[in-house]
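>>> after the sequence you'll find the predicted model.
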Amino acid sequence: MAWKHKSIAVLGLALFFAIILFVQMVMYLINILFGPIELFNIFNFCVSLFERGTFAYYAILLMVNFYIFYSVIIIGKKVVNQIIILRSFRKKLLQHINNDKSKHLNQMFNRIKEDIVVIENNELLAFTFGFCKPIIVLSNTLIEMLDSKELEAVIYHETSHQKYFDGIKVFILQIISEVMWYIPLTKWSYQNYRILIELAADEFAINRMGSELGLGSALLKLIKKKLNINSNPTTSLVHFADETVDYRLKQLIDPQQTIPVKVDTGSIIISLNVFILILFILVIA
């Protein structure tokens, strides 16, 4: 699965930077709370470059503490907000679940865990919800619009997101990109990972069905419906990122082509410079 391997590589790139930084942060906090530790810490090293008691020393100490405090606050806020949103959204889902249609669909597609939920909604909805035990949510409107093969393709697509826990991975990458804003490749990883997992999910569906016809037909119906709805401003719809749809259509038309995941040269240069600086500090320490 070529797109899945590429998405793993992009995820790994962001995690590589994040693990180094977060481990150093934890070590710095342990040093403050429980006393000095023998292991090298880049934040302590930066502070030690300046003579204690000088203006520069207190300035860099303030900057280091502020950055770590900022990072902890951002991570904590994101996690808490996400928990609140998930709980609130789950309650709303429970109010609109069609149990009979959900049971029928799970039996139709042999879902032993009964992880497909059908909700009564006028929008064209198909998404994977939840982090630990993700479920697939489909609206009755979407089900009524698609034929059996198209519906099967959509379910397989969402099954890929469910199987590989793409939701929590995207959430983690979002946090990394905000905390490590000074390394542009983390933001690039977050943005492109979202594209790659959609391509990987399409690839998963095609492999399971043995053909791209069902998926392509479903995607074209959704695009056509979207275009028709745009003329009516009072009607809401499921939004697809233009870039994602463009890539997915190109891949369906010509599966053999290689779609590049482009990155800005400036982002690479800045990220490499920051990484080289970190390595330099580690070496001289």
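Perfect, I can see it now. Because the structure is predicted, anything quoted here is derived from the model rather than measured.
>>> show me the strands in the stretch 1-150 of the chain, by range?
According to DSSP state E, counting those that start in this stretch, the stretch 1-150 of the chain carries its strands in the segments 116-119, 126-129, 135-139.
>>> can you tell me which of the ones you listed is nearest to M27?
In terms of CB to CB, the element of those nearest to M27 is strand 126-129, at 35.8 Å. For glycine as for every other residue, the C-beta is placed from the backbone atoms N, C-alpha and C.
>>> parallel or antiparallel, list what pairs with that closest one.
strand 135-139 (antiparallel) (DSSP bridges).
>>> the longest helix anywhere in the chain vs strand 135-139, what angle?
When secondary structure is assigned using DSSP state H, the longest helix within the chain turns out to be helix 55-96. Per axes from the mean of the first three to the mean of the last three CA atoms, to 10 degrees, the angle that helix 55-96 makes with strand 135-139 is 60 degrees.
>>> could you list the low-pLDDT ranges of the protein?
1, 226-285 (pLDDT under 70).
>>> which one in it is furthest away from the centre?
Within the chain, the residue lying farthest from the chain centre (CA atoms, centre = their mean) is G53, at 44.1 Å.
>>> one step back: quick one, which of the strands of the stretch 1-150 of the chain is nearest to G167?
Here strand 126-129 is closest among those (CB to CB), at 6.0 Å.
>>> which strands and helices lie in contact with the longest helix of the chain?
helix 2-34, helix 42-48, strand 116-119, strand 126-129, helix 166-179 (3 or more CB pairs under 8 Å, 6 or more residues apart in numbering; DSSP states H and E).
>>> by how many degrees do that helix and helix 2-34 diverge?
Using the same axes, to 10 degrees: helix 55-96 against helix 2-34 is 130 degrees.
>>> list the buried ones in stretch 212-229?
Going by neighbour count (16 or more other CB atoms under 10 Å), the buried part of stretch 212-229 is 212, 214-219, 221-222, 225, 229.
>>> ugh, wrong one, I meant stretch 132-144
The neighbour-count check on stretch 132-144 (16+ other CB under 10 Å) flags 134-140, 142-143 as buried.
>>> if I look at the residue most central in space within the chain, how far off is W3?
With distances taken as CA atoms, centre = their mean, the residue of the chain nearest its centroid is V170 (1.4 Å). For V170, the distance to W3 (CB to CB, to the nearest Å) stands at 15 Å.
>>> what does I176 give?
21 Å.
>>> with H157 instead?
Computed as CB to CB, the H157 to W3 distance reads 12 Å.
>>> what's around A18, how many residues?
20 (other CB atoms under 10 Å).
>>> ok, the residue nearest to it when sequence neighbours are not counted - how many residues close by?
Spatially, and ignoring its direct neighbours in sequence, A18 is nearest to I176 (4.5 Å; CB to CB, 6 or more residues apart in numbering). Neighbour count of I176, defined by other CB under 10 Å: 24.
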